[in-house]
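A.B. asks: From the sequence below, what's the structure:
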Amino acid sequence: MESLFAALSGDFLGTPVYFWVAFIAIVLGLLVFDLGILHRDEHEIEAKESLMLYGFYVLIALAFGAWVWFQRGAEAGLEFYTGYLIEQSLAMDNMFVIATIFSFLGIPRLYQHRVLFWGILGVILFRAVLIGVGAALVHQFSWILVIFGAFLIFTGIKMFAHKEEEETNLEDNKIYKFLSSRFRVTKELHGRNFNVKQPDPKTGKLVTWLTPLAIALIMVEIVDLIFAVDSVPAVFAVTQDTFIVYTSNIFAILGLRALYFALAAMMNRFRYLQISLAIILVLIGIKICLVPFGIHIDTLLSLGVTISILAAGIFYSLWKTRNEPSISVEEAPRPGHIEPR
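C.D. replies: Residues are numbered from 1 along each chain as shown. Below is the predicted model:
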């Protein structure tokens with residue numbers, strides 16, 4: 001018992017092991033609750049259910065942040081909340097891209113949650129690798145923060161200048177072309193299955209084919225990695241604490257995946273949100289560029305500015321489109337744009 005207590009009290013990446021154990025236990029509990037209880041029977045998730053589930057995930061994240069605040073101090077708590085909000089802000093764009101993928105591949109709402117749920121497992125793994133590599137680089141070469149910051153500023157300016165009519169059709173996307181040319185893919189869905197056994201048209205032998213559901217899952221995972229290239233460095237602008245960066249990322253993504261169905265039902269109402277996200281990226285980029293020079297912008301100030309800009313983008317979008325009916329992605333699919341930003 002004493003050896004177990006000593007092991008839990010030890011440090012892993014600068015944080016006591018029991019913090020990591022608590023976090024992993026909470027995430028596993030949420031995943032079991034989601035799949036084993038809430039969605040044991042597959043059904044179409046409506047906007048109301050999506051909003052309620054999102055609210056539940058937000059409460060869990062707020063409670064976890066409060067625990068971090070109580071255990072590690074106000075600064076750590078503020079860093080968690082700021083990182084959580086930044087990741088949620090930047091990942092919103094990702095939700096609309098996922099909606100486009102589902103629309104293009106003809107994935108019905110009944111099976112979309114299945115893709116998003118299994119996609120979370122990939123996010124947990126890939127974000128751990130990406131954040132671990134990022135943290136090691138920052139620890140070894142502090143000047144790399146300037147590169148992170150410059151990349152975020154460039155990305156923000158590119159987002160600000162991007163016009164919707166410049167988007168290309170998903171059929172021309174390199175990711176989709178690669179997958180469809182390298183794997184056997186069925187033309188139709190086979191229920192909730194990611195793969196099926198069917199005869200090879202040349203040999204007649206039974207072989208494994210991927211279904212459009214599997215292609216959707218792979219594309220969602222790849223898109224998340226693409227978007228993580230700017231969202232992860234953005235959180236490093238707030239803190240270089242690996243625990244804070246990783247946990248805020250995962251809690252934010254869990255919440256947004258729950259919110260997906262509400263966002264997809266009214267995607268046309270957030271037309272001007274990208275402007276806010278671009279401004280946030282530029283400001284975060286400037287902040288992270290200043291860190292190696294010993295200039296640190298107050299975390300509370302960063303949190304306040306991020307909330308204000310995000311809220312302004314959301315309310316301005318809703319106000320400008322107040323006379324437009326909410327259009328779901330199924331009703332009005334837009335051209336895909338999942339090239340790296």
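
A.B. asks: rest of the way, CA atoms for contacts and neighbours
C.D. replies: Will do.

A.B. asks: Quick one: mean pLDDT over the helix or strand harbouring Ser181.
C.D. replies: Following DSSP states H and E, one finds Ser181 within helix 174-182. With pLDDT averaged residue by residue, helix 174-182 scores 81.

A.B. asks: Tell me the helices and strands packed up against it.
C.D. replies: When contacts are defined as 3 or more Cα pairs under 8 Å, 6 or more residues apart in numbering; DSSP states H and E, helix 174-182 packs onto helix 212-236.

A.B. asks: now the helix it packs on against helix 174-182, angle please.
C.D. replies: Put simply, helix 212-236 runs at 150 degrees to helix 174-182, going by axes from the mean of the first three to the mean of the last three Cα atoms, to 10 degrees.

A.B. asks: average pLDDT across the next helix or strand after the helix holding Ser181?
C.D. replies: Downstream of helix 174-182, the first helix or strand assigned by DSSP H and E is strand 195-199. When pLDDT is averaged along strand 195-199, the result is 89.

A.B. asks: cool, stretch 135-145 as well?
C.D. replies: 82.

A.B. asks: Give me the contact list for that stretch.
C.D. replies: Surrounding stretch 135-145, the residues in contact under the criterion Cα atoms under 8 Å, 6 or more residues apart in numbering are 237, 240-242, 288-289, 291-292.

A.B. asks: Same question for stretch 264-281.
C.D. replies: Counting contacts by Cα under 8 Å, 6+ apart, the residues outside stretch 264-281 that touch it are 47, 89-90, 93, 95-96, 99, 152-153, 155-157, 159-160, 234, 306, 309-310, 312-314, 316-318, 321-322, 324, 326-329.

A.B. asks: Tell me the span between the first and last residue of it.
C.D. replies: Its start and end residues considered, stretch 264-281 measures 23 Å (Cα to Cα, to the nearest Å).

A.B. asks: Relative to Gly73, how far out is the nearest residue to Lys197 once chain neighbours are set aside?
C.D. replies: Closest residue in space to Lys197, ignoring its immediate chain neighbours: Thr208 at 4.7 Å, by Cα to Cα, 6 or more residues apart in numbering. Remark: distance between Thr208 and Gly73 (Cα to Cα) = 53 Å.

A.B. asks: quick one, which of those two is more surrounded?
C.D. replies: For Thr208 versus Gly73, the count of surrounding residues by other Cα atoms under 10 Å is larger for Thr208: 15 against 12.

A.B. asks: could I have stretch 104-120 exported to CSV, CA atoms only?
C.D. replies: Once side chains and other backbone atoms are set aside, the C-alpha atoms of stretch 104-120 remain, and they are given as CSV (Å, rounded to 0.1, in the frame of the first residue of the first chain):
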residue,chain,number,x,y,z
PHE,A,104,-20.5,14.2,-49.0
LEU,A,105,-20.3,10.5,-48.0
GLY,A,106,-24.0,10.3,-47.3
ILE,A,107,-23.6,9.3,-43.6
PRO,A,108,-27.1,9.4,-42.0
ARG,A,109,-27.5,11.1,-38.6
LEU,A,110,-28.3,7.6,-37.2
TYR,A,111,-24.6,6.6,-37.6
GLN,A,112,-22.8,9.9,-37.2
HIS,A,113,-22.5,9.5,-33.4
ARG,A,114,-20.8,6.1,-33.9
VAL,A,115,-18.1,7.8,-36.1
LEU,A,116,-17.6,10.7,-33.7
PHE,A,117,-17.4,8.3,-30.7
TRP,A,118,-14.7,6.1,-32.1
GLY,A,119,-13.0,9.2,-33.5
ILE,A,120,-12.6,10.4,-29.9
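
A.B. asks: Counting neighbours, which bits of that stretch end up buried?
C.D. replies: For stretch 104-120, burial by neighbour count (16 or more other Cα atoms under 10 Å) applies to 104-105, 107, 109, 111-117, 119-120.

A.B. asks: Kindly report the same for stretch 182-195.
C.D. replies: Residues of stretch 182-195 classed as buried by neighbour count (16+ other Cα under 10 Å): 184-186, 189, 194-195.

A.B. asks: Closest to Ile253 out of the residues you listed?
C.D. replies: Lowest distance from Ile253 to these (Cα to Cα) belongs to Phe194, with 22.7 Å.

A.B. asks: From Ala234, how far off is that closest one?
C.D. replies: Relative to Ala234, Phe194 is positioned 34 Å away (criterion: Cα to Cα).

A.B. asks: and if you look at Phe102?
C.D. replies: From Phe102 over to Ala234 the distance is 28 Å, taken as Cα to Cα.

A.B. asks: So if I had to pick from those two, which one is more boxed in?
C.D. replies: When neighbours are counted by other Cα under 10 Å, Ala234 comes out ahead of the other of Phe102 and Ala234, with 29 against 26.

A.B. asks: Hmm, Ile86 and that one touching each other?
C.D. replies: Yes - with contacts counted by Cα atoms under 8 Å, Ala234 reaches Ile86, the gap being 7.4 Å.
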